[in-house]
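# The following comprises the amino acid sequence and a computationally predicted model.
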Number of protein chains: 2
Amino acid sequence: MMRRAICRRAFVPSNYFAQAAIYNASSRRPYSIRAYDIDPKALKITKTDKPKTLGKPEDLEFGKTFTDHMLTIEWSKAGGWAAPEITPYHNLSLDPATCVFHYAFECFEGLKAYKDSKGNIRLFRPDKNMIRFNKSASRIALPTFTGYNLISLISKFVKLEADMIPDRRGYSLYLRPTMIGTQKTIGVGPPGSALLYVIASPVGPYYPTGFKAVSLEATDYAVRAWPGGVGDKKLGANYAPCINPQLEAASRGYQQNLWLFGEEEYVTEVGTMNMFTVIQDAKTGQKELVTAPLDGTILDGVTRDSVLSLAREKLIPEGWKVSERKYTMPELWQASKEGRLLEAFGSGTAAVVSPVRNIGWRGNVVNCGLAEDQESGEIARKMKEWIEARQYGDEEHEWSYVVD
Amino acid sequence: MMRRAICRRAFVPSNYFAQAAIYNASSRRPYSIRAYDIDPKALKITKTDKPKTLGKPEDLEFGKTFTDHMLTIEWSKAGGWAAPEITPYHNLSLDPATCVFHYAFECFEGLKAYKDSKGNIRLFRPDKNMIRFNKSASRIALPTFTGYNLISLISKFVKLEADMIPDRRGYSLYLRPTMIGTQKTIGVGPPGSALLYVIASPVGPYYPTGFKAVSLEATDYAVRAWPGGVGDKKLGANYAPCINPQLEAASRGYQQNLWLFGEEEYVTEVGTMNMFTVIQDAKTGQKELVTAPLDGTILDGVTRDSVLSLAREKLIPEGWKVSERKYTMPELWQASKEGRLLEAFGSGTAAVVSPVRNIGWRGNVVNCGLAEDQESGEIARKMKEWIEARQYGDEEHEWSYVVD
């Protein structure tokens, strides 16, 4: 009871900040008025009459199997948010002139629901997702809402889908809140209507047989994000342009791109993950966990924030330095040559952490500190354990939100 | 007959270039094989049994009224392009996990069909649209096709919709070819299926009562495009992020944004139009028509290209200079103060040309050379006349493609 009260309090300032952070332009629009907000009490539920069963968890492929239901909430400029509905999973029927097909009025979130050892369902830091969802929506003139109201609806949705959450460590129900502009016009302007929906996909561990370190290709011929752009928002617009470079990298044996920025070749992020490195100081030998700062060109990852918090909590007392700072490929290359690049890993909702073996850069292979038979460094492994302990409720923590 | 033969020849190299210009990554994918190409001969037509009538042309609002039919062509990685279909206009039914809703796998084109004085239907430089459509699709891992095959299908489509093309100068049928990724998965990767469709909207003159000069706000706090990005492609991704700045500009009385780039404050484009200025040399008095170069940050507009061609054909012999070069707001400001900024206008398919009265920049109002009672400069007016003469077939020219 106490725990939930803490969570509730945590959500109020979150929403406050979400509202405050809304891009100025939007604050003049009627949809920021509370009277137009999402109302969880108005939820209508229509259950499927043909329920699926989960099947073998080990056969799950990320994002291909979906549960029986979906949560939808329509919005219009005149009427605000309509009554939320949970209905059987169904196709969306949209006019071909709908603005989402032409001008990318679309943003999304990704979070997971976990079953703990007592059978409770838990969400991990959903308030962070709601803040970001509002920031993303607001940036492309889509409506905003009070984050806690959607968390409340998502809670009801995941309870209904409880049987579709695999009851096994490493498994979870991936949730995909999505918002699209639905106005039927090809004129370029703010959408007068929108649809928020949430679909859910049961997923297995990203690395079923334990960690598998990946190789990244440092990419500068294409540029993911720019100051004054939208690379820090979770917009559809940031993804399609990254696919060709991903195929290019794959053709040379790399799993993902490591996006560089500028002549200095700043390391930014991986597109589907934030990037962390462990560098040892040449003079003092001090270990430093480094990630790029939130300067508008990288996504403000929930896992990124969790890694940083845990590092400050657990590594700094052990003498570590934890830095959000700009760093470059030449710096990593130099550290690697001198044996001071101890470790590198990506962070994201899908894999939690993803160890990096090496980075292809200007014809060089920058070794990231793993021995040949090693698939993860120490910090990546510890971070995964620490975060999962909170996700699955082994450690009670305010990051974990128990669905009641 | 001769004319048509010339057009056909013109399309072959166009397609050749489209293929050649395809982003490297795609060329390894099966869909660039000709055997998988769009086949106009396979077209199936199902006509509506409830035909609409056009109504009063003067009531038309851009992009809100659509014709009775649509052209659709499905694509899959395994089977290539399926048989094209013309069917009654209908909603698209798509799974909520479809990749177009999440990762902005979408690109489009805009062109118009005109009725000439003899009742022929004409398209304006459709080969240019096809080249760009292929470049856009290819950049986001969507399939490509031989441009002439789609022009052939669009021709059949507009003939079927002939009654919906207003028979009056300034009126036309706006065509919107669109391609979306349709794969049902939220994994981030190249779409395994896609849908190309074309819808059509009868439209009136952009300025029904003659030109109306617009005001632009020079914008640097948000950035539309950057080197290594996708600002030169007609992707949905380039549009949604521009709406909030457009609302911001509108709140200060400006109709559109003039997108600047970099510390030098380079003038790029307007987002829905390319930008032209007429500057007189301080020493020689020579007049120069200036537009930004195709450096990857501006759209390669068909009207832009037409304005440049006409300027080279008709203005250079009169002693003008015609330049595709970088130019800055400080340069425009200086020229304006000295009375050497003679004219400015945007170019695009919707308005052909759109005269600019002034540009708001750093608290200044940069006057673009119009007298208070004047709505257009001389060159904007002439360009509109010259281009429309070719669009409506008053002047026979290879830019105009007569539908047979």
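Thanks, I have it. Residues are numbered from 1 along each chain as shown, chains lettered A, B, ... in the order given.
# Enumerate every residue touching A:Pro330.
For A:Pro330, the residues meeting the contact criterion (C-beta atoms under 8 Å, 6 or more residues apart in numbering or on different chains) are A:Glu265. Just so you know, the C-beta spots here come from the backbone N, C-alpha and C atoms, and that holds for glycine as well.
# next one: A:Ile38
Residues near A:Ile38 by C-beta under 8 Å, 6+ apart: A:Ile73, A:Trp81, A:Pro84, A:Phe145, A:Thr146, A:Asn149, A:Leu150, A:Leu153, A:Leu196.
# Take the residues you listed and lay them out in TSV including distance to A:Thr219, pLDDT and secondary structure.
Conversion of the contacts of A:Ile38 to TSV gives the following (distance: C-beta to C-beta, whole Å; pLDDT from 0 to 100; DSSP: H, G, I helix; E, B strand; the rest coil):
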residue	distance to A:Thr219	pLDDT	secondary structure
A:Ile73	37	98	strand
A:Trp81	40	97	strand
A:Pro84	41	98	coil
A:Phe145	36	97	coil
A:Thr146	38	97	coil
A:Asn149	39	98	helix
A:Leu150	35	98	helix
A:Leu153	39	98	helix
A:Leu196	33	98	strand
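# ChimeraX command to pick out the buried ones of the residues you listed?
Selecting only the buried members of these in ChimeraX, with burial defined as 16 or more other C-beta atoms under 10 Å in any protein chain shown, works like this:
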select /A:73,81,84,145,146,149,150,153,196
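# which one of the contacts of A:Ile38 is nearest A:Lys283?
A:Leu150 (49.6 Å; C-beta to C-beta).
# looking at chain A, which helix or strand does the model trust least?
Least confident element among the helices and strands of chain A, by mean pLDDT, DSSP states H and E: helix A:2-21 (a mean of 34).
# where does A:Gly363 land on pLDDT?
Taken from the predicted model, the pLDDT recorded for A:Gly363 is 94.
# and it, how many neighbours?
With neighbours defined by other C-beta atoms under 10 Å in any protein chain shown, the count for A:Gly363 comes to 5.
# I'd like the distance from it to chain B, if you could.
Going from A:Gly363 to chain B by C-beta to the nearest C-beta, to the nearest Å gives 18 Å.
# What are the boundaries of the helices in the stretch 101-250 of chain A?
With DSSP state H, counting those that start in this stretch, the ranges of helices along the stretch 101-250 of chain A come out as A:126-139, A:147-160, A:243-251.
# Same list (the contacts of A:Ile38) but as CSV, adding distance to chain B.
Formatted as CSV, the contacts of A:Ile38 follow (distance: C-beta to the nearest C-beta, whole Å):
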residue, distance to chain B
A:Ile73, 13
A:Trp81, 18
A:Pro84, 15
A:Phe145, 18
A:Thr146, 21
A:Asn149, 21
A:Leu150, 16
A:Leu153, 16
A:Leu196, 11
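# Closest one of the contacts of A:Ile38 to B:Ala218?
Top of the list for closeness to B:Ala218, among these and by C-beta to C-beta, is A:Phe145 at 33.6 Å.
# Look at the nearest residue to that closest one once chain neighbours are set aside and give its secondary structure.
Distances taken as C-beta to C-beta, 6 or more residues apart in numbering or on different chains put A:Ile38 closest to A:Phe145, at 4.4 Å, once the chain neighbours are dropped. Three-state call for A:Ile38 (DSSP: H, G, I helix; E, B strand; the rest coil): coil.
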